[in-house]
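J.: Quick check, what structure comes out for this input:
(2 chains)
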Amino acid sequence: MKGRLNASLVSGAVLVGLVVAMALVSFVWTPHDPVLVDAGNKLHGPGDGYLLGADKFGRDTFSQLMVGARTTLYVGIVAVGIAALIGTPLGVIAGMTRWRWLSELVMRANDLVFAFPALLLAVMLGAVYGAGTLTAMIAIGVATVPAFARVARAATMQVMVTDYILAARAAGRRRLPVAFRHVLPNIGSMLIVQASVSFAIAILAEAALSFLGFGTRPPTPSWGRMLQESQELLFSTPRLALWPGLAIALAVLGFNLLGDGLRDYLDPKLRRIRAER
Amino acid sequence: MILYLLKRAAVFVLSAAVAGVLVFSFMAVLPGDPAEVALGVNATPEAVAELRKQFGTDRPAAAQFFDWFGGLATGDFGTSYVTSSPIGEQINDRLGVTAVLVGGGMLVALLIAVPAGTFAAVHHRNPLGVAISAFSQVGIAIPAFLAGILLVFVFAVQAQVLPSGGYVPLAEDPVEWFRGLLLPWLSLGLVQGAVLTRYVRSAVLDVMREDFLRTARAKGRGRMGALWRHGLRNASVPVVTVLGLQLATLLIGAVVVERVFVIPGLGDLLLNAVAGRDLLLVQGVVMVLVLAVLLINFLVDVAYAALDPRLRGAR
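T.: Alright, predicted model coming up:
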C-alpha cells in the first residue's frame, strides 16, 4: 500500500475534503436557516450577510449549498455501500468458482441489471412507493452493483493465478478462507478506487433525480433541486443556477480525481484493471 | 461467426424476456386495483367487476403477463387505465423524437472525441495534448442537464440566438426544428464527447505502440497516413464498446435533457405518466427504454465481431 503522492490524488482529496467539511460544519453552523422562507429577502443579492445571495423564497444560497453537501454525501455513501456489499461478493464468487456456468450466470445477471439505469429504477420505485431520498439511494445503489461485480471479478481472476494463491490451495486451504485471507486483501485497493469513481456517478445520478423531482423531497436542500428551481429564473437571476451547478461539478471532479489518484497511489501494478464508469 | 451471432441473439432474447418479467412483476406488486382506482370510492362492486373484466385485470397474473409481453412484439402495449388511449401509439409518437435527440447527441460526441482524442494521443507530450486531457476530465464532471442550463444561459439568455426550449416538428419547419434541437444535441454531445475523448486517446496511444504501425512508418507512410490506414480500425474496437455503453447513458441523459428543453420525447412521456399515476404507461415506456439498452448491447457485440475477427471465437 505504498506509493507516491500525485497531483490527481492531492487535488481530488482537497475537493472531496471541501465537500465533507461543508457537510460537517452544516451540522453545527450555517450562516442562515437554510429552509427559512423570508419574503423580505426574496432574491437578495450577494453580500450583506448573504454571501452568495438568496433565492426566490429568501433562503440563503450558501446555507442551502452546505446542507445540500450533506444530502449528496448521504446518498452517495448509502448507494455505494449497497453496491459494494452486493457486488463485491458476487464478483469474487464469479472470479473464484470452478463452475463456469455460475460465473456466466452472475455476469449475465449483471448485464441485465445494467440495462436498468439508476434513473429508470428510481422512476419505477417512485411510481410505486412514492419518490424520496430512500428510493433514490436504493435505485442508485442497485444500478451500481454491476460495476463492483465486474471489477471484483476481473481483479479476483488476476489474483487467482498468482503463486501465493496456488501455494495456499496446494496446502489444502479451502476456497472460503482463501477468499477472505488472500483474495479480498489483494483486490481491496481496486475496490476503493471503484468506490471513489462510483461515488462520483452517484452524485451525478442524485443531482439528476432531484432535478426531475425523484430524489430528496423539499424542503430538505439538495443541489439538483436548487438547479431545477433556478431554471425558471435563468433570465433574471442566473447566479442561482451557477452555484449549485459549480458544487455538483466540483464534487464529481473531486471524486473522479481521487479515484484516479488512488489507483496510482495504492497499487501501480493493478493499473490495468480500469474502474467501471 | 454465425454461431457467435446466434449465441448473442439468444442471450438478447432471453435477457429481454427476463427484463419483461422484472418490469411486469414490479408494477404488479402495486397495492390497489386499477379498476377501483379508476372508478373512485363510491363505485358499486358490479361496476368495478365490469371494468376489471374490461381491463383484463380479473385474469391470473401469468395470463396478463403473456398477453402484455406477447403484445410488445407487435407494438401493442395495451390501453391506458387512466386516459383509455392505446399506449403503443403514444410511445410510437415520442420514440422518433428521442431517437433523433440521442442520435444527434452521439454525432456531436463523435465529432468532438475522434479528432480531439487522436490529437491528444499523437501529441501526448505537448501542452495542447495535455490540455485536451484535462478538459475532458472537467467535461466528465458536468451532467448533461447542467450543460443544458449553461448553454441556455449563453445562447438563449445572453446571445439570444437560439430558443431556450420547445420543439417544432421537422415537417412543420425544418429550420426551427434544427434550431430547437441544437442546444439539446450540444448538451448531450459535449459531455459524452468529453468522456469519449479519453477512450479515443488511450486507444490511439495503444495502437501507436504496435509493431505494425512502426512497420507502416518504416515503409514511408507519414504519421497521420499510417494511423489513418492501419490505426483507426484497430483503435475502434475498444472505442465501439464504450460507444455502446454511452448510447445507453445518452438515452437516459435524454430523459433529463427533454425536461430541461421541454421536448416531447419518451422521457417527457415517462415523467408525465408517473405524475398522472398511469402505471401501464410507465411500464410500457420503461420496457421500451430497457429493450433499447439491451438491443444496443447486442449490436455492440455484433460490431465487435465485425471489427475484430479474433474475437469471434472467444467467449
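
J.: can you list the weak-confidence ranges in the chain?
T.: All of this is about chain A. A:1-4, A:49, A:267-277 (pLDDT under 70).

J.: actually it's chain B I care about, not the one you picked
T.: B:29-41, B:58, B:229, B:309-315.

J.: Centre-most residue in it?
T.: Centroid-nearest residue in chain B: B:L251, 2.4 Å away (criterion: CA atoms, centre = their mean).

J.: so who does it touch?
T.: By CB atoms under 8 Å, 6 or more residues apart in numbering or on different chains, the contact set of B:L251 is B:T98, B:V102, B:L289, B:A292, B:V293, B:I296. Just so you know, the C-beta spots here come from the backbone N, C-alpha and C atoms, and that holds for glycine as well.

J.: would you turn these into a markdown table with neighbour count?
T.: Below are those laid out as a markdown table (neighbours: other CB atoms under 10 Å in any protein chain shown):
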| residue | neighbour count |
| --- | --- |
| B:T98 | 26 |
| B:V102 | 25 |
| B:L289 | 25 |
| B:A292 | 19 |
| B:V293 | 24 |
| B:I296 | 19 |
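
J.: quick check: longest helix of chain A.
T.: Determined from DSSP state H, the single longest helix within chain A is helix A:61-96.

J.: Would whatever helix or strand comes next after that helix count as contacting chain B?
T.: For helix A:61-96, the following helix or strand on the C-terminal side (DSSP states H and E) is helix A:100-114. Yes - residues of helix A:100-114 contacting chain B under CB under 8 Å from any CB of the partner chain: A:R108, A:D111, A:L112, A:F114.

J.: Which helix or which strand is home to the residue lying closest to A:A115 once chain neighbours are set aside?
T.: Leaving aside its chain neighbours, A:A115 sits nearest to B:V293 (4.3 Å; criterion: CB to CB, 6 or more residues apart in numbering or on different chains). According to DSSP H and E, B:V293 maps onto helix B:279-307.

J.: list the contacts for A:A208?
T.: Contacts of A:A208 (CB under 8 Å, 6+ apart): A:L119, A:G224, B:P143, B:F145, B:V256.

J.: Distance check, the last one against A:R153.
T.: Using CB to CB, to the nearest Å, one obtains 31 Å as the distance from B:V256 to A:R153.

J.: Let me know how buried the closest residue to A:P219 other than its chain neighbours is, in neighbour terms.
T.: Closest residue to A:P219 apart from its sequence neighbours, by CB to CB, 6+ apart: A:V35 at 4.4 Å. For A:V35, the neighbour count with other CB atoms under 10 Å in any protein chain shown is 15.

J.: Please name the residues that touch the residue sitting nearest the centre point of chain A.
T.: Chain A has A:F199 as the residue nearest its centroid, 1.8 Å off, counting by CA atoms, centre = their mean. Counting by CB under 8 Å, 6+ apart, A:F199 makes contact with A:G76, A:V80, A:F255.

J.: With distance to chain B and neighbour count added, can I get those residues in CSV?
T.: Compiled in CSV, those are given as follows (distance: CB to the nearest CB, whole Å; neighbours: other CB atoms under 10 Å in any protein chain shown):
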residue, distance to chain B, neighbour count
A:G76, 14, 25
A:V80, 17, 27
A:F255, 9, 27
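
J.: Closest to B:A10 out of these?
T.: Closest approach to B:A10 among these (CB to CB): A:V80, at 34.0 Å.

J.: How about the contacts made by the closest one?
T.: Contact analysis of A:V80 by CB under 8 Å, 6+ apart lists A:G141, A:T144, A:A195, A:S198, A:F199, A:A202.

J.: Of those - the most surrounded one?
T.: Neighbour counts for those, by other CB under 10 Å, peak at A:S198, which reaches 31 neighbours.

J.: and A:S63, what does it touch?
T.: Neighbours of A:S63 in contact, by CB under 8 Å, 6+ apart: A:S26, A:T30, A:P31, A:H32, A:D33, A:P34, A:P221.

J.: and the residue of chain B nearest chain A?
T.: B:A141 (3.8 Å; CB to the nearest CB).

J.: so the nearest residue to B:I132 once chain neighbours are set aside is in which element?
T.: Take B:I132 and drop its neighbours on the chain: the residue closest to it by CB to CB, 6+ apart is B:A120, 4.1 Å away. Taking DSSP H and E as the definition, B:A120 sits inside helix B:87-122.

J.: swap in B:A49?
T.: Using DSSP H and E, B:A49 sits in helix B:45-55.

J.: roughly how far apart are B:R217 and B:M224?
T.: 11 Å.

J.: repeat for A:Y164
T.: In terms of CB to CB, A:Y164 sits 47 Å off from B:M224.

J.: How about the contacts made by B:V282?
T.: Neighbours of B:V282 in contact, by CB under 8 Å, 6+ apart: A:V123, A:M124, A:A127, B:M27, B:L270, B:A273, B:V274.

J.: buried stuff in the helix or strand encompassing the first one?
T.: Translated: A:V123. Using DSSP H and E, A:V123 falls within helix A:118-129. For helix A:118-129, a neighbour-count test (16 or more other CB atoms under 10 Å in any protein chain shown) marks A:A118, A:L119, A:L120, A:L121, A:A122, A:V123, A:M124, A:L125, A:G126, A:A127, A:V128 as buried.

J.: picking that back up, in CSV: the contacts of B:L251, plus distance to A:L242.
T.: Formatted as CSV, the contacts of B:L251 follow (distance: CB to CB, whole Å):
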residue, distance to A:L242
B:T98, 29
B:V102, 28
B:L289, 32
B:A292, 34
B:V293, 33
B:I296, 35
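
J.: can you tell me which of the residues you listed lies nearest to B:L266?
T.: B:T98 (4.3 Å).

J.: number of nearby residues for the nearest residue to the closest one once chain neighbours are set aside?
T.: Closest residue to B:T98 apart from its sequence neighbours, by CB to CB, 6+ apart: B:G265 at 3.8 Å. B:G265: 25 surrounding residues under other CB under 10 Å.

J.: my guess is B:G265 meets B:E258, correct?
T.: Yes - the pair B:G265 / B:E258 is scored as a contact, 4.6 Å apart, by CB atoms under 8 Å.

J.: For the helix or strand containing A:W243, list every residue counted as buried.
T.: Assigned by DSSP H and E, A:W243 belongs to helix A:239-266. Neighbour-count burial for helix A:239-266 flags A:240-245, A:247-266 (criterion: 16+ other CB under 10 Å).

J.: swap in stretch B:167-180?
T.: In stretch B:167-180, counting by 16+ other CB under 10 Å, buried: B:Y167, B:V168, B:W177, B:G180.

J.: Export those residues as TSV, with columns for distance to A:A171 and secondary structure.
T.: What follows is these, written out as TSV (distance: CB to CB, whole Å; DSSP: H, G, I helix; E, B strand; the rest coil):
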residue	distance to A:A171	secondary structure
B:Y167	68	coil
B:V168	73	coil
B:W177	70	helix
B:G180	69	helix
